[in-house]
Structure formats: structure tokens, C-alpha cells
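Novice: sequence first, then the predicted structure:
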Amino acid sequence: MKTTALLLFLSLSLPAYADFAQVIDSDGYANIRSQPSPNAKIVGKVPDGAIVALSYDEEDDGWRLINYPTPQGRTISGVIHYSRLKPIHTYPELPSASSGNQFGCSAGPYRLTVNTGAFDFPRHRRNFTAIYNKEYDSYTFTHYKGKPAIGTDGRQPDSAYRSIVLSGKQGRSAVPETDFDNLSSPMRNTTAASITGKQIQSTCLPATATAQALTMLCLYSPKAATSSA
């Protein structure tokens, strides 16, 4: 059997990003609107079960400002009514464990394991896009292989994720490296992982997590399991 895991990575570079939420809508999707009104223009749709970033804690008549990174690489910003959102922090917490360059969490038969290691910047320099700051005679590295460089606030990374594996009843599923190769500087004490699905709804969230944590949201669905030859 082959399990399918969807991973969405978001970097919390601003304190305004204080939480994440999962979209829960019986219609199969929730509308993203331009203004906090049911009559406002629809600027996008978020499928049921997807994860969005909440931009601030305050509600505007029950609406929340969100950012939704689409599978196509776009980020849609707008508002969604709070009744369609389940904050990630409301899921049961699981203790995380680490050893050497490995950390993760588990619940029942499900386990998320992350391996990290040193990053050879000179070797990968050609894959970065940088902006030169003449005043400070320095570079800000904005993209890696065409994707936003996340984890160092524009500085040269010295560590990175090596592998991310989700295992469960249906087997073992390794996340493709292309899904996380633009992430760097993993910090075990500020990494959160959420595993959600029909048989498990839990989060790994160390007590020391901060608003600037690099956050991993991992969705696992038993229904997504398919047989492979």
C-alpha cells in the first residue's frame, strides 16, 4: 500500500501570524472574500480540510483574515467566516521527542519523523536568487530553485531538512525532497507538526513554540491510500 501525505510549510517571519486553522465545510470548500461580508467579492476558494494561516487574532464580526498557499504556488489573501475554521491549537497536543538530528511525534500507529543536517551553501549557491544591498554591501537570498527561501530571513542557511517521513497503518510515506528543499534552519524546539485524519487528530507542539516558529502542517488521510504495483 502507498500512503499519500500532503505537507504544507509556512514560515512565521512576522508576529502577526499567530495561528493556523483547518477549513471545515460540508460543501467541500469555503469561499475567500475580499471583505468581511457574505456579499463581498469571492477572491478564491479553499477546499475542505486545507490549512490556512490566520493573520491576526482579532475577529471582524466573525470573519478572519487568512492567507492560503495554493498547490499551484499562489497565495490567496482574504477573509473567511470563523464558523468554517478549526484552529490548529484546538487539536489535542502530543509530546515531541528528539535525538541527535532527528525529531518527531506519534499517536497510536501514526508517526511523523524529521531528519535534519548541515547545509553546504557554497555547493548550492547557484540555486539561490539574491538581491544586492549596495548600502550594506550584502545579499538577501529570497528564493531557492525558484521557490521562496524560508527559514533564515534572507541570510545564508547552514542547516536544512534531510527527510520527512509519515508512517502509519498503510505503510511508510516519504515526502518528496522537492516539497521542502526551500526550507532551512530547522529548529526542533519551535517546530509544530499537525497530523489530522479520520483516525487521528493530534498536534506535536512543544511548549516553547513561538510566533516566529517554522511550522509544518501535515495532513494524513487514510482514504488517500492507494495500491501501487
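Specialist: Great, that's in hand.
Novice: ok, N31 to K145 distance?
Specialist: The gap separating N31 from K145 is 33 Å, by Cβ to Cβ, to the nearest Å. For the C-beta atoms, the positions are set from N, CA and C on the backbone; glycine is no exception.
Novice: neighbour count for those two, which is higher?
Specialist: Regarding N31 and K145, a neighbour count based on other Cβ atoms under 10 Å identifies N31 as having more, with 19 against 12.
Novice: helix or strand: which one has the residue lying closest to N101 once chain neighbours are set aside?
Specialist: By the measure of Cβ to Cβ, 6 or more residues apart in numbering, the closest residue to N101 outside its immediate chain neighbours is T116, 4.8 Å from it. Of the helices and strands defined by DSSP states H and E, T116 is found in strand 110-118.
Novice: hang on, the residue nearest to N101 packs against P186?
Specialist: Yes - here T116 reaches P186: they are 4.7 Å apart, a contact under Cβ atoms under 8 Å.
Novice: find the residues that touch each one of the two.
Specialist: Overlap between the contact sets of T116 and P186, as judged by Cβ atoms under 8 Å, 6 or more residues apart in numbering, is given by 159-161.
Novice: restricted to strands, list those.
Specialist: Counted as lying in strands by DSSP state E, out of the shared contacts of T116 and P186, are 159-161.
Novice: re the thing from before, buried sites along the helix or strand just after the strand holding T116?
Specialist: The C-terminal neighbour of strand 110-118 among helices and strands, as given by DSSP H and E, is helix 121-124. By neighbour count with 16 or more other Cβ atoms under 10 Å, helix 121-124 contains the buried residues H124.
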